[in-house]
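J.: no letters, just coordinates:
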C-alpha cells in the first residue's frame, strides 16, 4: 500500500496537482478519473449509470455517433434518465470531427449544472481529444501539457490530436 502511494505521489508531484487516474466502473471500459468534475471512459453500457449516480455524477455526455455498433443512444438516454442522470448526446466523428461538436462539448462540460460529468465514446479517444481542447481553450494549458494528459486518458489518433490543436489555435483562451 505504501509503495503504491509513493508511486502515485511521484507520478503526480511534477504536475503540481493530481493527474488522471485509471479506475474501474462496472459496464465501462478504459475509465479514467480526470479531476473533481470529470470522469471519462470508452464503451459504456447502461449497467454503469446507477453506479455513476451513486458516486455523485449528475450527467452523462455521450460522444458516440448513433450509427456506431453498440451505441444505442435511445436506450442509453432512457437508462441514464431512469438513474436520475442528465443525458447529453454530442456525436463526434473520429475521422472527420466537426468544430461544432467541439463547441457543443465545451458548452456542456463547462456548464456547472452538468458537473460532475461522465463523458464517454467507444474507446476514450474522442473523449481525450475533446478534453484536450477544453484544457487549452478554457483552462489555458499549453499544447504539450494538454496532449500529455489526453494521451493518459486515451488519445491515440493523430488526426484527432491535430484537430484538437487546430481548434485550440483558432479559439484562443478568453481571459
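T.: Okay, I see it. These numbers were taken from a predicted model, which means no experiment stands behind them.
J.: wait, isn't residue 77 in contact with residue 86?
T.: No - using CB atoms under 8 Å, residue 77 makes no contact with residue 86, being 10.2 Å away. The C-beta positions use only the backbone N, C-alpha and C, and glycine is treated the same way.
J.: tell me who's in contact with the closest residue to residue 93 other than its chain neighbours.
T.: In space, and not counting its chain neighbours, residue 93 is closest to residue 65: 6.5 Å by CB to CB, 6 or more residues apart in numbering. Going by CB atoms under 8 Å, 6 or more residues apart in numbering, residue 65 touches 71, 91-93.
J.: quick one, phi/psi of residue 165?
T.: For residue 165, the backbone dihedrals (degrees, to the nearest 10) come out as phi -60, psi -40.
J.: distance from the chain centre to stretch 84-96, please.
T.: 10 Å (CA atoms, centre = their mean, to the nearest Å).
J.: quick check: buried residues in that stretch?
T.: 85-92, 94 (16 or more other CB atoms under 10 Å).
J.: quick one: contacts of it?
T.: Residues contacting stretch 84-96 (CB under 8 Å, 6+ apart): 49, 52-53, 57-66, 73, 76-77, 80-81, 98, 101, 104-105, 108, 113-114, 121, 125-126, 129-130, 157, 159-160.
J.: let's go with 7 Å and repeat that
T.: 49, 52-53, 57-66, 73, 76-77, 80-81, 101, 104-105, 108, 114, 121, 125-126, 130, 157, 159-160 (CB atoms under 7 Å, 6 or more residues apart in numbering).
J.: got the end-to-end distance for that stretch?
T.: 33 Å (CA to CA, to the nearest Å).
J.: ok, back up a step: which of the buried residues of stretch 84-96 fall in strands?
T.: 86-89 (DSSP state E).
J.: related to what we said a few turns ago, which among the contacts of residue 65 gets closest to residue 147?
T.: Distance to residue 147, by CB to CB, is smallest for residue 92 among the contacts of residue 65, at 17.9 Å.
J.: which residues touch residue 37?
T.: 115-117.
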